[in-house]
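Colleague: Sequence plus predicted model, see below.
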Amino acid sequence: MISKVYPKYKPSGVEWLGDVPEHWGVKRVKFITNVNGRIGFRGYTVEDLVDEGEGALVLGGTNLSKNGKVDLQKRTYLKWDKYHESPEIKVSKGDILLGQRGTCGFPICIDFDIGHSTINPSLVIIKASLHNSSFLCFWLMNDFMKSIVDNMVSSTAVPMLSQEQIGNFCVLLPPLPEQQAIAAFLDRETGRIDSLIAKKQRLLELLAEQRTALISRAVTKGLDATVKLKPSGVEWLGDVPEHWEIWKLAHLTTRIGSGKTPTGGADVYQTEGVLFLRSQNVYDDGLYLDDVVYIDEKIDKEMAWSRVKPKDILLNITGASLGRTCITPKDLGRANVNQHVCVIRLNKSDYSSFIAQYLKSRPAKSFYDFAQTGSAREGLNFEQIGAFPITLPPLPEQQAIAAFLDRETAKIDTLSVKVAAVIERLKEYRTALISSAVTGKIDVRGAL
């Protein structure tokens, strides 16, 4: 990071800002911009939404990108007459959009001609005609502002900022040419960082694809490339080794079932007691216990039927994490599951390692998609899981395949962890660079 500082500093008069460059000023957002939002819905209902090309683009929380740019992957359009009812919230190049409901505090700068567009009630629009909007957007991204927003919204059930609160935000303002220089520097440097992050994230995706391909090949074809194959009889499974058997999962199990959420929901969760596993704890590379809750002895007894045992297979059966699978470790101790996690208990526990890997394969993912077709994609039921066809080699071969996959996926997982750590460091550096530049802790005027 640049180490050059300004020649002279002065007290800002704002406790959390401390000293600032001597020639910079501090003003509130409402004195240097116009902050407008859609009050209520002003007659804007679902019936007023139209297809692309038949109205104006409506921007909302889903269009807020964490890098400060607009994300237009999801688009909604509003009838022209409704669009023209609120001219003060028509979006133009140079405007800043800020989340005020739900995703609070995330700013994006409209740095291109976006055409006819407006905002929904989750955003406010900040028009800064006399100041550099890119600089103001970077200001709203700095660590201090994030902390202020977090404190403001932490006490509300639905995170929300009022236009009055946003208008009272303090802004540290250098002269306009300096705002432009800082914004240009940050545009360039954050662009470089974002490019590096994107490359690392793509590498993570490739590693995940490699992991799935490795598992899929091993659990459907085995480790011997010369083995003779036969049709499996299952279209999406294809050919399998001739000496392997095909079983329905139900025929290999003594239990397929899940738990439930205790009466009282999250209010009865504790910080110690009997472990209570939820879908956010179940991952393909094992149980994640950093976000875990507990239940008391009484509830545990009431839910004794949902306890897990060593070598049980845990399968997420609802939501975005559907299909994530792992084995219950021997040293877990007493634990229960909620209704989003299915417990698969095999009649031969020695099969657990192979079958758990099988449930992570591409054929398994295909089955999950097929099973949900026409069911509003709400999840998997126990009957569907029991009907899942499993390729089953002899036990010694299962053990060899499981050991191979444990070893090789561990290598991929280790590399993935390192790449993820690099991404986090790049994000931290990006945030620190923005905060240092917009608060005058570093002087970037000669860095272009």
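Modeller: Okay, I see it.

Colleague: Quick check: chain neighbours aside, which residue is closest to residue 260?
Modeller: residue 339 (4.9 Å; C-beta to C-beta, 6 or more residues apart in numbering). Every residue, glycine included, has its C-beta placed from N, CA and C.

Colleague: doesn't residue 259 make contact with the one you found?
Modeller: Yes: when contacts are counted by C-beta atoms under 8 Å, residue 339 is listed as touching residue 259 (6.1 Å).

Colleague: Looking only at neighbour counts, state which of the two leads.
Modeller: Neighbours were counted for residue 339 and for residue 259 using other C-beta atoms under 10 Å; residue 259 has more, 22 against 16.

Colleague: Read off the pLDDT value for the more buried one.
Modeller: With respect to pLDDT, residue 259 has a value of 86.

Colleague: Next up, the contacts around it.
Modeller: Shown in contact with residue 259 (C-beta atoms under 8 Å, 6 or more residues apart in numbering): 303, 305, 306, 336, 337, 338, 339, 341, 343.

Colleague: Just the ones in helices from those residues, please.
Modeller: Among those, none falls in helices (DSSP state H).

Colleague: which of the residues you listed count as buried?
Modeller: 303, 306, 336, 337, 338, 339, 341, 343 (16 or more other C-beta atoms under 10 Å).

Colleague: Just the closest of those residues to residue 171, please.
Modeller: The closest of these to residue 171 turns out to be residue 338 (C-beta to C-beta; 45.6 Å).

Colleague: got a list of contacts for stretch 211-220?
Modeller: Here stretch 211-220 makes contact (C-beta under 8 Å, 6+ apart) with 237-238, 240, 284, 354, 357-358, 360-363, 365, 391, 401, 404-405, 408-409, 412-413.

Colleague: Ok, stretch 246-255 next?
Modeller: Under the contact criterion C-beta under 8 Å, 6+ apart, stretch 246-255 has outside partners 232-234, 240, 256, 343-348, 351, 355, 385-392.

Colleague: try 7 Å this time
Modeller: Residues outside stretch 246-255 that contact it (C-beta atoms under 7 Å, 6 or more residues apart in numbering) are 232-233, 256, 343-347, 351, 385-392.

Colleague: got the contact list for stretch 184-194?
Modeller: For stretch 184-194, contacts defined as C-beta under 7 Å, 6+ apart pick out 67, 134, 138, 426, 429, 430, 433, 434, 437, 444, 447, 448.

Colleague: Regarding the closest residue to the first one other than its chain neighbours, which helix or strand does it belong to?
Modeller: With C-beta to C-beta, 6+ apart as the criterion, residue 67 has its nearest non-adjacent residue at 5.2 Å, and that residue is residue 194. Taking DSSP states H and E as the criterion, residue 194 maps to helix 176-221.

Colleague: Quick one: name whatever helix or strand follows that helix.
Modeller: Criterion used, DSSP H and E; the element after helix 176-221 is strand 229-231.

Colleague: For that next one, which strands pair with it and how are they oriented?
Modeller: As defined by DSSP bridges, the strand partners of strand 229-231 come to strand 239-241 (antiparallel).

Colleague: After the strand it pairs with, which helix or strand is next?
Modeller: Using DSSP H and E, the helix or strand that follows strand 239-241 in sequence is strand 245-248.

Colleague: ok, the residue positioned nearest the centre of the chain - contacts?
Modeller: Centroid-nearest residue in the chain: residue 320, 10.2 Å away (criterion: C-alpha atoms, centre = their mean). Under the criterion of C-beta under 7 Å, 6+ apart, residue 320 has no contact partners.

Colleague: and with 10 Å instead?
Modeller: Residues near residue 320 by C-beta atoms under 10 Å, 6 or more residues apart in numbering: residue 279.

Colleague: which SS state does it fall under?
Modeller: Secondary structure for residue 320, judged by DSSP: H, G, I helix; E, B strand; the rest coil, is coil.

Colleague: got it, and residue 165?
Modeller: Here residue 165 is helix, with the state taken from three-state DSSP.

Colleague: Please enumerate the helices of this protein.
Modeller: Along the chain, the stretches classed as helices by DSSP H are 29-32, 80-84, 133-141, 143-153, 163-167, 176-221, 297-302, 352-358, 362-372, 382-386, 395-438.

Colleague: who touches the first one?
Modeller: Counting by C-beta under 10 Å, 6+ apart, helix 29-32 makes contact with 25, 35, 96, 98, 126, 128-131, 136, 139-140, 163-171, 173, all of which sit outside it.
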